[in-house]
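In: The following block contains a protein sequence and its predicted model.
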Amino acid sequence: MEAVSAPLLIGIVGPTASGKSALGLRLARAAGGEIVSCDSLQVYRGLDVGSAKPTREERALVPHHLVDVIGPDEPFTAAEYARRARAAIAGIAARGRVPLVVGGSGLYLRALLSGLFAGPSRDDALRARLERIAARKGDARLHGLLRRVDPEAAARIEVRDRVRVVRALEVFRATGRPLSLHHRAGADALTGFDVRLLGLNPPREALRAAVERRTDAMLAGGLLEETRALLAAHPGGLAPLNAIGYRQAVAVARGEREVAAARRDMVKETMRYAKRQMTWFRHQARVEWCATADEAYARAASWLALPPA
RNA sequence: GGGGAGGUAGCGAAGCGGCCAAACGCAUCAGACUGUAAAUCUGACGCCCCUCGGGCUUCGAAGGUUCGAAUCCUUCCCUCCCCA
């Protein structure tokens, strides 16, 4: 049936601190692969410590794509990620190498593999206006506006989920058609690859230990200093500083939080994030879950016709 | 030996006669997610039937007061702190 099988594209997913990067590196070296980061924070230059960005050494060892591609003050979106990641993957394939998509940003992975609906990009001015309505009249008022133009989306989106209500309204205002309609139109999926997704999901307690270790490493590695520098360079504030880790570091920098308390919050929020990631990957992607990194490696090795270990 | 504080659901912690199966936080579990996604949002969380809702057993223990007690009284058990 299948004459020439499509080239492999291996994705490595799972919650933060589950060992995705290490596995990706190991596979890339063994298989002659290149890493395509799938991480919404690592795309930003200057956010190094808090995004657990691959080190200089790691990046020298194996080419990494989609890391440090934009400035921290530039707007970035899942769609933009998908565009750039697809270009990177095409390049890797053209070189006859194996693309390894590694990361835990579920939406980005989805945008890359399945595509997004062909809709308008964000409109910050409009968003500001809608936010103002919500702030003044309440979330229910904004949700009511949505219900009028797109009852289907309104039924799906929680009243208090302002981010989604705003987005749905934005799409309607920009296109004159409800979001639901756009969704039905489908999206442009990535084609030409035999996509396999490997999932790492360490036991809860092991993950917690890893998260604590990494949080401490970030704090010891200069997260606070990095954050202060970013704040100093961008007094207006920076969108990505709202991420876990940076948010707490900002609070410390502003003197609103003790370091010990910030650390606790970081661990707590990271664990919750990990939980969300698992929910996403369990339901939004077809993932082959592996109990250990070795098992994942072995499985990938068999696909790639590599020696097992 | 004397004085003080306290024992509430897995943990922390409110409640201090009815609106209490008991706020809130943590932990845990489940979920949503299509251009801010490490973001944003939802639900469960004593037990049982499980849909609304209903039933059952709880607030250290045992008695008591009361129409009614986690909340008041008595005794007992146990923690912690201070003085000896």
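Out: Looks like it came in fine.
In: Okay, A:Thr55 and A:Leu181: tell me how far apart.
Out: 46 Å (CB to CB, to the nearest Å). C-beta: built from backbone N, CA, C; applies to glycine.
In: what about the two, which has more around it?
Out: More crowded of A:Thr55 and A:Leu181, by other CB atoms under 10 Å: A:Leu181, with 16 against 11.
In: Now the strand or helix carrying A:Ala140: buried residues?
Out: A:Ala140 is located in helix A:139-149, with elements delineated by DSSP states H and E. Of all the residues in helix A:139-149, those buried under the rule 16 or more other CB atoms under 10 Å are A:Asp139, A:Leu142, A:His143, A:Leu145, A:Leu146, A:Arg147, A:Val149.
In: if we take the residues you listed, which one ends up nearest to A:Leu219?
Out: The nearest member of those to A:Leu219, counting by CB to CB, is A:Asp139 at 35.5 Å.
In: Wait, a helix at A:Glu269?
Out: Yes - with DSSP: H, G, I helix; E, B strand; the rest coil as the criterion, A:Glu269 is part of a helix.
In: picking up where we left off before, next SSE after the helix holding A:Ala140?
Out: helix A:151-156.
In: relative to helix A:139-149, how tilted is the helix or strand just after that next one?
Out: Later in the chain than helix A:151-156, the nearest helix or strand by DSSP H and E is helix A:162-175. Inter-element angle recorded for helix A:162-175 and helix A:139-149: 40 degrees (by axes from the mean of the first three to the mean of the last three CA atoms, to 10 degrees).
In: quick revisit: is there proximity between the helix holding A:Ala140 and RNA strand B?
Out: No - where contact is defined by CB under 7 Å from any atom of the strand, no part of helix A:139-149 touches RNA strand B; the two come within 8.6 Å at best.
In: so how far is that helix off the chain centroid?
Out: Relative to the centre of its chain, helix A:139-149 is centred 29 Å away, using CA atoms, centre = their mean, to the nearest Å.
In: ok, so of the buried residues of helix A:139-149, who is nearest A:Leu107?
Out: Using CB to CB, those come closest to A:Leu107 at A:Leu146, 20.7 Å.
In: Now that closest one: closest residue in space, sequence neighbours ignored.
Out: Once flanking residues are discounted, A:Leu146 sits nearest to A:Ala154: 4.5 Å by CB to CB, 6 or more residues apart in numbering.
In: That neighbour contacts A:Arg147, doesn't it?
Out: Yes - counting by CB atoms under 8 Å, A:Arg147 is a contact partner of A:Ala154 at 3.9 Å.
In: so who does A:Leu142 touch?
Out: By CB atoms under 8 Å, 6 or more residues apart in numbering, the contact set of A:Leu142 is A:Leu130, A:Ile133, A:Ala134, A:Arg162, A:Val165, A:Val166, A:Leu169.
In: Please identify the helix or strand for the third one.
Out: When elements are defined using DSSP H and E, A:Ala134 is found to belong to helix A:124-137.
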